[in-house]
Every structure is written in structure tokens, then in C-alpha cells.
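A.B. asks: Next comes the sequence, and after it the predicted model I'd like to discuss.
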Amino acid sequence: MKILFMGTPEFAVASLNALLDAGHEICAVVTQPDRPQGRGYKLAPPAVKTAALARGLEVFQPETLKNESLLPLLERTRPDAIVVAAYGKILPQYVLGFPPRGCINVHASLLPRYRGAAPINWAIINGERESGVTIMYMEKGLDTGDMLLSVRTPIADDDTAGDLHDRLAVLGADALVHALALLEAGRITPVKQDDSQHTYAPMLSRDDCRLDFCQSAKQVRDRIRGLAPFPGAYLTLSGRQIKVFEAQIVSGRGEPGSVLYADREHGLVLACADGALRLVTLQPQGKRRMSAKEYLAGHPVPPGTVAE
């Protein structure tokens, strides 16, 4: 099949490579423009651009899809289908309606649950025990199109968003190739979503990343896992903003957010609404990641201090 591929981050690279390895013709790749990254804010290419150029593909990086800016490329390449994997922008109708076999999306959730921009993060934040990937047709609504194929995977108690992301990227790539093969053979029937069962996974805000110790220890730990490694959950302790990437549920009781222990024997332990959490891996603002015990060696925290 002749395919125009649209994707941007690392998640999409597995799908691009799988399509090529399966023998599909990628007539062009559309990805987001290079963006400043890192402490030096140097321009860096999206992961998909790097992967596409390495395989000799033509790459386009439009600033916008408005005003039919993509139409010349579509008319020149005439793809049978457009495949989208985490492109990062809503496709206008002139794009959605162009390819004869439609626009097909790799979405990192079991639709209709977790429609939206951050399904991997929210599935773990909400304590889900299962996730997956849905291969679906795209339409004007946000992740509302008919489903072609779904693949499931359990979420382990120690999985982070990063762990689930990497697993779903591979599962999604395999499911995409399988769905396209069934589609070409006329052996797949699209299934409408049950809108009564839908939930949303909106883009993460800064407030979503702030830890609330008035929640249960499990809820706080799930949020830490769901935001690791990026963008990272955070708290403010003694005036210092600290990101938290790993924590363990332990016994303990006190005012939610108060420090119960801060020593070499116990580590850094904070009370939650029920139980307590031992913070394991931290990153003070502007510093490298470190263990909680390393942090305490340079920044003593008196028991009773309350996290904000």
C-alpha cells in the first residue's frame, strides 16, 4: 500500500519502521518542525524525522496544516492511505478526506476509553490494570472513528508511563501492520465505538503533575508512576521544588504531606491520607537525579515539615 506517514515522537518510530519492513511504500513523511530542547535550547529534530532520513525518506515539517498547506504534497504523492501515529496536531477535513483508503491512526488506549492527548499517562495515574492500542479510522471528532483492531496488555504494579509507552509502541506497530494486511485482503470490518463508555485523557497541565498527599498512598504513587519519566510529578519541600520518579508504599500515619522520617535508616517518608510513601528517586530543580538519601545528605529536612 502507498502510505503517507504522519508522526513525531519516539512512539511513532516503531510504526514507521514496521510499515517499511512489511513492504509498504512510504511516499513521504510529515512530522512536526524541529524544536528547541535541553538546557541549551538547541534546535533538535523529532525522532520520526531522524528515523525517516536514516531510511532515505522524504520529510516535510509544516508549521501548520491550515490553508490547505499539505494539499500540494497530497496531490503529488497520491497516497492510498494516511497513517498517523502521535503526530501532535488535529488533521483538517481536506486531509482526512483525501486518501481513498482513509486516514488510519495508532492510538495508545483501548478505545473508547482514554480518547485524547495523554492516554498512557492517565491510564497509570488512574490505577488501570490494563491498557492497549487501537488501530482506528480518523474522522472529525477526537479519537471517535471506527475501530479496526485492538491489542491489550496488562499494566504491572511497577510500570511507569515510560515502560507502558515503550511496550505500546511495539504492540501498536505490529497491530498496524496486521490491520493493514486484513484491510487489503478485505477481511476486516470496522466497529463503531460505544460513546456511552468513553473517557478522556487530556493534555497534562502543570497542576496535574503536582502531588496531593491528601490522596491515598496508592493514588499518590500511581500519579508518580504515570508521570515518570516525563514530565515528572513534583512537590515543594522547604521551599525547594523536587520531582519524584519512584516511591514505595510503607506504613505510617500523620498529617497528609508531613515528613514522618528523613534519615539514613528510613529515607524520606511522607504521610498520605492513608499510609505513607517512601520517596526513592528525586530530582531537585536544576539538579541531576539522585536517591532520596543522597538528597537528605545535602539538604536535611526536619520531621514534621509539610510538603506543598
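C.D. replies: Thanks, I have the structure now. Numbers count the residues shown, from 1 in each chain.
A.B. asks: Could you use CA atoms for every contact and neighbour count after this?
C.D. replies: Noted.
A.B. asks: Please look at M203 and I120 and confirm they touch.
C.D. replies: No - at 10.9 Å, M203 and I120 do not qualify as touching, with contact defined as C-alpha atoms under 8 Å.
A.B. asks: tell me what the helix or strand of the chain with the lowest mean pLDDT is packed against?
C.D. replies: With mean pLDDT, DSSP states H and E as the measure, the helix or strand of the chain carrying the lowest mean pLDDT is strand 35-37 (a mean of 90). For strand 35-37, the packing partners by 3 or more C-alpha pairs under 8 Å, 6 or more residues apart in numbering; DSSP states H and E come out as strand 42-44.
A.B. asks: Enumerate the positions of the helix or strand just after the strand it packs on that are buried.
C.D. replies: Downstream of strand 42-44, the next assigned helix or strand under DSSP states H and E is helix 47-54. Neighbour counts using 16 or more other C-alpha atoms under 10 Å place 47-49, 51-52 of helix 47-54 among the buried residues.
A.B. asks: who does the following helix or strand past helix 47-54 pair up with?
C.D. replies: Per DSSP H and E, the first helix or strand lying C-terminal to helix 47-54 is strand 59-60. Next to strand 59-60 in the sheet, as set by DSSP bridges, lie strand 25-30 (parallel).
A.B. asks: CA atoms only for the strand it pairs with - export them in CSV, please.
C.D. replies: The C-alpha trace of strand 25-30 is given here as CSV (Å, rounded to 0.1, in the frame of the first residue of the first chain):
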residue,chain,number,x,y,z
GLU,A,25,5.6,2.2,0.1
ILE,A,26,6.1,5.3,2.2
CYS,A,27,5.7,8.1,-0.3
ALA,A,28,6.5,10.9,2.3
VAL,A,29,6.8,11.5,6.0
VAL,A,30,5.2,14.5,7.7
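A.B. asks: quick check, distance from that strand to the centre of its chain.
C.D. replies: Counting by C-alpha atoms, centre = their mean, to the nearest Å, strand 25-30 is centred 23 Å from the centre of its parent chain.
A.B. asks: Show me what it is in contact with.
C.D. replies: 1-7, 19-20, 49, 52, 57-62, 77, 79 (C-alpha atoms under 8 Å, 6 or more residues apart in numbering).
A.B. asks: rerun that using 10 Å as the cut-off
C.D. replies: With C-alpha atoms under 10 Å, 6 or more residues apart in numbering as the contact definition, strand 25-30 has outside contacts at 1-8, 16, 19-20, 48-49, 52-53, 57-62, 70, 73-74, 76-80, 82-84, 87.
A.B. asks: picking up where we left off before, tell me which of M203 and I120 has more neighbours.
C.D. replies: I120 (24 against 12; other C-alpha atoms under 10 Å).
A.B. asks: L282 touches A247, doesn't it?
C.D. replies: Yes - with contacts counted by C-alpha atoms under 10 Å, L282 reaches A247, the gap being 9.3 Å.
A.B. asks: Now do the buried residues in stretch 225-236.
C.D. replies: Buried residues in stretch 225-236 (16+ other C-alpha under 10 Å): 225-229, 231-236.
A.B. asks: could the residues you listed go into a markdown table alongside pLDDT?
C.D. replies: As requested, those are exported to a markdown table (pLDDT from 0 to 100):
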| residue | pLDDT |
| --- | --- |
| R225 | 98 |
| G226 | 98 |
| L227 | 98 |
| A228 | 98 |
| P229 | 98 |
| P231 | 97 |
| G232 | 98 |
| A233 | 98 |
| Y234 | 98 |
| L235 | 98 |
| T236 | 97 |
